[in-house]
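**Q** Fold the stuff below for me.
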Amino acid sequence: MQGFRLPVLAAVAAAGLAAAPALSQTSAQTLAAPDWSTAQTVEIDLTNFAFSPAKLELKPGVVYRLHFVNKTSGGHDFTAKDFFADATVDPEDQGVVKDGMVMLTGNESADVRLTPKAGRYAAKCTHLMHATLGMKGEVLVQ
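**A** I've put the predicted structure just below:
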């Protein structure tokens, strides 16, 4: 019986190796870069001590262009470290996101194209007391 097992195991292993290139091609296709030109625009306004919308609802795998607009004369940021870490960010926009945050000076705007991953993520402004005064929110991707 053991003499039979060895040739069968060898045949199964050889079949698995023969299928490996096909699996690699399929994996490469699913890992292809998103088509950034199809991005849906979502505006996030940063005002004195608020994000609008406070709850950002997105769908996983959809290509978005998050358009951040600081509507005040002072600086604000949108910090969501886990959200940006989990998302696939357009290489051209990666410089806009630094340490999981988008920083804006007064009356500045910035775009970040990305495809989000499912999850619930906290967002806040890290400027002194801004989150305490209400400048926080949530990104829900489902």
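**Q** Contacts only, for the residue nearest the centre of the chain.
**A** Nearest residue to the geometric centre of the chain (Cα atoms, centre = their mean): Ala87, 1.8 Å. Contacts for Ala87 were tallied using Cβ atoms under 8 Å, 6 or more residues apart in numbering; they are 114-117. All C-beta spots, glycine's among them, are computed from the backbone N, C-alpha and C.
**Q** Dihedrals phi and psi, it?
**A** Here is the backbone geometry of Ala87 (degrees, to the nearest 10): phi -80, psi 160.
**Q** Would you mind measuring from it to Leu58?
**A** Relative to Leu58, Ala87 is positioned 9 Å away (Cβ to Cβ, to the nearest Å).
**Q** For Thr126, see how far away Asp77 is.
**A** Distance from Asp77 to Thr126, by Cβ to Cβ: 6 Å.
**Q** Actually, Val139.
**A** Taking Cβ to Cβ, one finds Val139 at 16 Å from Thr126.
**Q** So between these two, which is more surrounded?
**A** Using other Cβ atoms under 10 Å as the criterion, Val139 and Thr126 rank with Val139 on top: 23 against 15.
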